[in-house]
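Undergrad: Here is the input, now give the coordinates:
(chains A and B, ligands or ions: 2)
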Amino acid sequence: MMSRIFRHLREGIKNVIRNGWMSFASMSAVIVTLAVLGFSLILTFNVAQMSTDVTSQLEFSAFLNVNATQQTGSAIAAQIKALPGVESVQVISKNEGLAQMKKELGSEMGDVLNAFKQNPLPIQLVVKPADPHQIDRIARQVEEIQGVATVRDPHQLAAAIFRTLAIVRDVGVVFVVALLITSMFLISNTIRITIFSRRREIEIMKLVGATNWFIRWPFIVEGMLIGLVGAVVPVLVLVYGYRSLYIRAKGVFSGLAFPLVQAGDLGVKLAVILLAIGLFIGLWGGVMSVRRFLRV
Amino acid sequence: MIEMQDVWKEYPNGTQALNGISVQIQKGEFVYVVGPSGAGKSTFIKLMYREVRPTRGHIFVNGFNIERLKDHKIPLLRRSIGVVFQDFKLLPKLTAAENVAFALEVIGLSHKQIRKRVREVLSQVGLEDKMDMLPSQLSGGEQQRVAVARSLANNPAVIIADEPTGNLDPDTSWGIMRLFQHINDRGTTIVMATHNREIVNSMRRRVIAIENGVIVRDEEKGYYGYDE
Ligand SMILES: Nc1ncnc2c1ncn2[C@@H]1O[C@H](COP(=O)(O)OP(=O)(O)OP(=O)(O)O)[C@@H](O)[C@H]1O
Ligand SMILES: [Mg+2]
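TA: Ligands and ions are numbered 1, 2, ... in the order given. This is a model prediction of the structure:
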């Protein structure tokens, strides 16, 4: 049993090598396909995480001028609270803001903040409207108030990012489907050529009584190998690429409203999905060509 | 051992290759199948190892009922039959020993069994010292010996040969015929389509003559019977 599995593996590898250029072409097709798919998946995962984030975040922040005192802060907070439709206003003092930022950045990056002699952060007011739909109106009113430097509305920012990403993702899906079909076709064509180049062996195998599956397996293995190798490359590139991006992005946009999906989690998910799909299209290509071109 | 009852074969293009063949071949027999070109000899032979299916009639080979045989059981039938062809059908990149081993490998024998058996059959056909040569390094007769060794490897009850000497010169052909004679002496049934008048007329055996898809003659110790 084991020796038979080894034989099929060995013959499958031989097939891939013997038919080198075609194998390379099919692998490249799989690589491109899965790279595009993987990229779309990264977007999708992040968009999904953002949507859950946003629904829980129906509030916005107003930042005061950097030199505003705590008293001014309380006064402006009271003023906002008095506006119609405001449910609550939370004051985040300069020190609380700094502590929070240090926590977000983690110990290593957080130490950078110790370099400042004075706390560089403004007082932040977190405003929560009673009715989420009123958020835009209230934000505009708050912006008018004297002493308010900027208003940041994560909801709107998110909506804009959403729309763009959704388009990118949809285009990606269409591409991926087209590319998947192309890859399968290329794999099955590659295997067809291998079958043709091994027709004498196949003929003899049949004459001496090899079972159909014994004859088929090496070609199916060939397809799976092409699919698998075609998946490993984009997995490595994307997982590594995302990791670097994740590490960097965290450093630059410390206050970004939407944290990226954890690099580790995403890497595992991505690897599993891409490898499974690579294996599947290879298997499918193998089975198709064996069924259509191998008369046993 | 081999039995055909009123067997007909019409190819998909409408050619009537066999028109009602009935025959019995006993275990241990040596049978020549003769007849003009296009008479249906190869078709007759291909029916036995289920390369082609009859349009009508019943065929039994080594206890297998050919018409009822499920596709996945065909390998079992073929393992009980050795086949030899005019063009040898050797794999050019494999040595003599590897060619024989290949046939055993694909039916799942262990390496140890294979090595032993390859040596046995190659010495049986007198090629023990040329085991590691490629087909291109062997003469036609030697290549055919390798093919015969391969057909013997799995200890088949029957060897079926379609013009095994068709590509060989007369001297070499005699060598191959003596080999088949030996194999038959050990109890293996042999069915051989041939155009070789000299051999049929001097190594006298049962002769089945087919013309236009019917058996026109079936004699013990018969003659080739067609004039040049
Ligand atoms: N695959 C096929 N499809 C259609 N017709 C075929 C096929 N194989 C053989 N025939 C036809 O069937 C008839 C018998 O052919 P067969 O090969 O059995 O003859 P044969 O006696 O072996 O001839 P030869 O002595 O030349 O080898 C011929 O008319 C041939 O053209
Ligand atoms: Mg013929």
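Undergrad: quick one: which helix or strand includes the residue nearest in space to the middle of chain A?
TA: The central residue of chain A, meaning the one whose C-alpha is nearest the mean C-alpha position (Cα atoms, centre = their mean), is A:Ile42 at 1.1 Å. Under the criterion of DSSP states H and E, A:Ile42 resides in helix A:20-55.
Undergrad: ok, which residues in chain B are in contact with ligand 1?
TA: For chain B, the residues in contact with ligand 1 (Cβ under 6 Å from any ligand atom) are B:11, B:13, B:15, B:17, B:35, B:37-43. (Glycine included, C-beta is placed from N, CA and C.)
Undergrad: Would you state the helices of the stretch 1-150 of chain A in chain order?
TA: A:2-18, A:20-55, A:70-82, A:94-110, A:135-144 (DSSP state H, counting those that start in this stretch).
Undergrad: Check the offset of the fourth one from the chain's centre.
TA: Translated: helix A:94-110. Between the mean C-alpha location of helix A:94-110 and the chain-wide mean there is a distance of 27 Å, by Cα atoms, centre = their mean, to the nearest Å.
Undergrad: show me where pLDDT drops low in the stretch 151-296 of chain A?
TA: The stretch 151-296 of chain A contains residues with pLDDT under 70 at A:153-159, A:161-162, A:165, A:250-259, A:296.
Undergrad: Which neighbouring elements make contact with the top helix by length along chain B?
TA: When every helix of chain B is counted residue by residue (DSSP state H), the longest turns out to be helix B:170-185. In terms of contact count using 3 or more Cβ pairs under 8 Å, 6 or more residues apart in numbering or on different chains; DSSP states H and E, helix B:170-185 is assigned the packing partners strand B:30-34, helix B:140-152, strand B:158-162, strand B:189-193, helix B:197-202.
Undergrad: how about a markdown table for the ones you listed, with mean pLDDT, mean neighbour count and distance to A:Leu279 added?
TA: Supplementary listing: the helices and strands packed on helix B:170-185 in a markdown table, determined by pLDDT from 0 to 100; neighbours: other Cβ atoms under 10 Å in any protein chain shown; distance: least, Cβ to Cβ, whole Å:
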| stretch | mean pLDDT | mean neighbour count | distance to A:Leu279 |
| --- | --- | --- | --- |
| strand B:30-34 | 97 | 23 | 51 |
| helix B:140-152 | 96 | 24 | 37 |
| strand B:158-162 | 97 | 23 | 42 |
| strand B:189-193 | 97 | 24 | 47 |
| helix B:197-202 | 93 | 16 | 57 |
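Undergrad: Nearest to A:Arg192, out of those?
TA: Among the helices and strands packed on helix B:170-185, the nearest to A:Arg192 by Cβ to Cβ is helix B:140-152 (27.9 Å).
Undergrad: The closest residue to A:Arg7 other than its chain neighbours and B:Asn99, how far apart?
TA: Beyond its immediate neighbours in the sequence, the residue positioned closest to A:Arg7 (Cβ to Cβ, 6 or more residues apart in numbering or on different chains) is B:Glu105, lying 7.3 Å away. When Cβ to Cβ, to the nearest Å is the yardstick, B:Glu105 and B:Asn99 sit 11 Å from each other.
Undergrad: how about the residue of chain A found nearest ligand 1, what does it touch?
TA: In chain A, the residue found nearest to ligand 1 is A:Arg295; the distance is 13.2 Å by Cβ to the nearest ligand atom. Under the criterion of Cβ atoms under 8 Å, 6 or more residues apart in numbering or on different chains, the contact list for A:Arg295 is empty.
Undergrad: Wait, a helix at it?
TA: No: judged by DSSP: H, G, I helix; E, B strand; the rest coil, A:Arg295 forms no part of a helix; its state is coil.
Undergrad: ok, back up a step: if I pick the residue nearest to the centre of chain A, what's in contact with it?
TA: Contact partners of A:Ile42, counting by Cβ under 8 Å, 6+ apart, are A:238, A:242, A:266, A:270.
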